[in-house]
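1. Would you be able to build a 3D model of this:
(chains A and B)
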2 protein chains.
Amino acid sequence: MVKSDYHIIHESTVYVDGGTIIIENSIGKNAIPVENVRSVYAHKPVSISSGVVSIISKLGIPIHFFNWYGNYEATLWPKSKDISGDVIIKQAQKYLDIHERINIAKSFVSGALHNFNRILSEYDTETVKKSREDIKSNIGNLTNAMDITEIMGIEGRSHNSYFKAMDSVIPEKFRINKRIRRPPGNMGNALISFGNSLVYASVLTEIYFTHLNPTISYLHEPSERRFSLSLDIAEIFKPIISHKLFLYLINKKIINENDFDNSLEKVILNEKGKKLYLKNYEEKLTSTVFHRTLKKNVTYQDLIRMEVYKLEKDLLGIKPYKPFIIWW
Amino acid sequence: MVKSDYHIIHESTVYVDGGTIIIENSIGKNAIPVENVRSVYAHKPVSISSGVVSIISKLGIPIHFFNWYGNYEATLWPKSKDISGDVIIKQAQKYLDIHERINIAKSFVSGALHNFNRILSEYDTETVKKSREDIKSNIGNLTNAMDITEIMGIEGRSHNSYFKAMDSVIPEKFRINKRIRRPPGNMGNALISFGNSLVYASVLTEIYFTHLNPTISYLHEPSERRFSLSLDIAEIFKPIISHKLFLYLINKKIINENDFDNSLEKVILNEKGKKLYLKNYEEKLTSTVFHRTLKKNVTYQDLIRMEVYKLEKDLLGIKPYKPFIIWW
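-> Residues are numbered from 1 along each chain as shown, chains lettered A, B, ... in the order given. Take a look at the predicted model:
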């Protein structure tokens, strides 16, 4: 059975009754099947009562909290006893060796750029063609980049070109124009921000299941007051999960203007919109693709997990890290 | 107002009522004055209900869990948003430089050994005199130690000699004979184990208030599946808090046989005994000494905090670390 994420989208109380975790809110009272849950996402205020922390702690289930705008806020992760500092030392060692750090940072950006182009390859406007050429040449430039600033610059330019290309294949009302993050300024940005936040949290969940420390990163500076390793790895998965879903939801008219709340000075998904988005996000995350090397079906969630383990294997000197690039 | 620790010694339910955190158990219902609480210690099963996690998370209060034997088990520490990897990188850097690592490890052991001798200086049996000589010569040997194993060996030998000396100044029934940790085999070991666990958790609390990662350590290996930095720093404080309290409680006959439960094959403090010990531990931790450099009174808790900050300052290259040694 594939474990999936459990999203709480109504203000709720969560408590234990006879060994079962119960969630109670305006729509009723239900058991949470914790044995099938990988992590919990709280999109509205949640009260966690007696015993829940103890049970989820034993099962190792993290709870991610999102704020009103759909941005990731915090994670409640009960301390595991299975902790040790040796992998963290190796993580830091790779960061401190500037040559090694640059190589890993390039891998993340290379993965992202290849996946940008793979997403765009399904369209053929002039802007798309131009952008794919730009990105292709940026992948070439990446090889010669000498420092992190240069690598970040290459990513930033590719990113701009990529979103411009995306705007050319979607209805005008959903155009991104310019990525505005906090708070999102239009419907396009609201969808991309929400999706990216979810990818970030999905990666963070998988990092927690390894021995890696989420604050030690290579592309992003560890001094960012975020789980910067999650930012690094999310670069690879944002295009294939968040952006792909964005294009699908609006081009298939699954999400429309009625799914947004723009009564405030910012635009965010309303409850109906969030519910719709999360349903599709979970479907995406648990949908499978055939893995060429493993010769079996794997979910997108598996792909993220494998990515984190690949990084851990690199750090432990078992196998050099190569980023995930869509092969299908 | 000095913040103190809050110990839960009865099976309890903790919940929020009108913005106040309430603790309810067999002895009644009370408000927990969270604004004066530094950390919470759960010595019995505790149910934490709606809103408590959210409030203690905002206030940054950790909850330490202890098991039946009085050993530290786990900490629930809601993720702070104020995290970054740069200090961890510096911590790892010092670990990776073997010369630097050895220096820090020696400082911890040197602090511990000086404090061993300071505790013993209040007694003058022949065994004590002999032990103080041994420890003094071990402090000398420390300077020439070439690796961590040698440093650990010096500490181990001093430790044995120190406990033998302690046995010579206490009633026979409380003698330690041989340190047996899990589970403690006699009343002496039970008291030392409980006290040491509390010191370990007190140090851990202070580490959490810095940016240091508790799994990266210097004397103990980071590969130990514990918060090994807390083990490192606790070496310095165990003599002056746990051992000093041990000698005080039994020589003043404050704790006696009736405070133990030895119906099982191991000896542990019973509820009355734990309560008595914790009361004295908290008094010790919040009692003050005049600080020579700061020219003001500081609590033992302050001393631990300052020790952790001294280590952080060393890592950030501000000031080399010198261990705390009793000056009074």
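2. Just confirm A:Val24 is within a strand.
-> Careful, residue A:24 is Glu; it's not Val. Yes. The assignment for A:Glu24 (DSSP: H, G, I helix; E, B strand; the rest coil) places it in a strand.
3. which residue sits closest to it, ignoring its sequence neighbours?
-> The shortest distance from A:Glu24 to any non-neighbouring residue, by Cβ to Cβ, 6 or more residues apart in numbering or on different chains, is to A:Thr13 (4.9 Å). Any C-beta I mention is one placed from the backbone N, CA and C, and that applies to glycine too.
4. Helix or strand: which one has that neighbour?
-> Secondary-structure assignment from DSSP states H and E places A:Thr13 in strand A:12-17.
5. Flag every buried residue along that strand.
-> Buried residues in strand A:12-17, defined by neighbour count with 16 or more other Cβ atoms under 10 Å in any protein chain shown: A:12-16.
6. between those residues, which is nearest A:Leu278?
-> For the buried residues of strand A:12-17, the minimum distance to A:Leu278 (Cβ to Cβ) is 14.7 Å, reached by A:Ser12.
7. separation between the closest one and A:Leu76?
-> Here A:Ser12 is placed at a distance of 15 Å from A:Leu76 (Cβ to Cβ, to the nearest Å).
8. next one: A:Leu96
-> 31 Å.
9. try A:Pro320
-> For A:Pro320, the distance to A:Leu76 - Cβ to Cβ - is 35 Å.
10. Could you do A:Lys313 as well?
-> 29 Å.
11. The two: who's more crowded?
-> A:Leu76 (22 against 13; other Cβ atoms under 10 Å in any protein chain shown).
12. Please work out which residue of the stretch 151-300 of chain A is closest to chain B.
-> Of all residues in the stretch 151-300 of chain A, A:Pro222 sits closest to chain B, with a separation of 2.8 Å (Cβ to the nearest Cβ).
13. Skipping its backbone neighbours, what lies nearest that residue in space?
-> Sequence neighbours aside, B:Gly85 is the residue nearest to A:Pro222 in space, at 2.8 Å (criterion: Cβ to Cβ, 6+ apart).
14. What residues does the stretch 151-300 of chain A have near chain B?
-> Listed as neighbours of chain B in the stretch 151-300 of chain A under the rule Cβ under 8 Å from any Cβ of the partner chain: A:213, A:215-217, A:221-229.
15. tell me the contacts of the residue nearest to the spatial centre of chain A?
-> The centroid of chain A falls nearest to A:Val199 when counting by Cα atoms, centre = their mean (1.3 Å). Contacts for A:Val199 (Cβ atoms under 8 Å, 6 or more residues apart in numbering or on different chains) come out as A:234, A:237-238, A:241-242.
16. Take the residues of the stretch 151-300 of chain A next to chain B and keep only those in helices.
-> Using DSSP state H, the members of these that fall within helices are A:228-229.
17. Now for A:Glu206, how many residues are close by?
-> 22.
18. I'd assumed A:Ile304 was in contact with it.
-> Yes. Counting by Cβ atoms under 8 Å, A:Glu206 touches A:Ile304, with 5.0 Å between them.
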